[in-house]
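**Student:** Dropping a prediction and its sequence here:
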Amino acid sequence: MSEWSWDFLSSPGEVLDGLSPGSRAEVERIARRLADAAAVKHVGEPLPGAAGSAPLQSFAEGPWMVWFMEYRVRRVVYIVSVQNALAGGGS
């Protein structure tokens, strides 16, 4: 759907440590939606002053809290950390 992709800022093992396969799939689904949203939010090239800016943001859905960064130059949403409030875990 979008020209944006997503990836983990550090290794997937660090970000998803201790999550079940179903939970990992849910995080990947949320990450894909964040990339699709970034494609709609950021049309065109970033302004020169904002090109290297990628502030840490958070997104909550159900029991999930996801911290991420939108890196516009590469058109990538980097997943930094996730937490499941019901499981009390995450990274």
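**Tutor:** Ah, there it is.
**Student:** okay but Thr72 is in contact with Val43, surely?
**Tutor:** No Thr there; residue 72 is Arg. No: with contact defined as Cβ atoms under 8 Å, Arg72 does not reach Val43; the gap is 10.7 Å. Yep, even glycine has a C-beta here, placed from its N, CA and C like the rest.
**Student:** which one in the chain is furthest away from the centre?
**Tutor:** Pro48 (23.4 Å; Cα atoms, centre = their mean).
**Student:** That one and Trp4: what is the separation?
**Tutor:** For Pro48, the distance to Trp4 equals 20 Å [Cβ to Cβ, to the nearest Å].
**Student:** Packing partners of the longest helix that the chain contains?
**Tutor:** Assignment by DSSP state H gives helix 21-41 as the longest helix of the chain. For helix 21-41, the packing partners by 3 or more Cβ pairs under 8 Å, 6 or more residues apart in numbering; DSSP states H and E come out as strand 5-8, strand 56-61, strand 64-71, strand 76-84.
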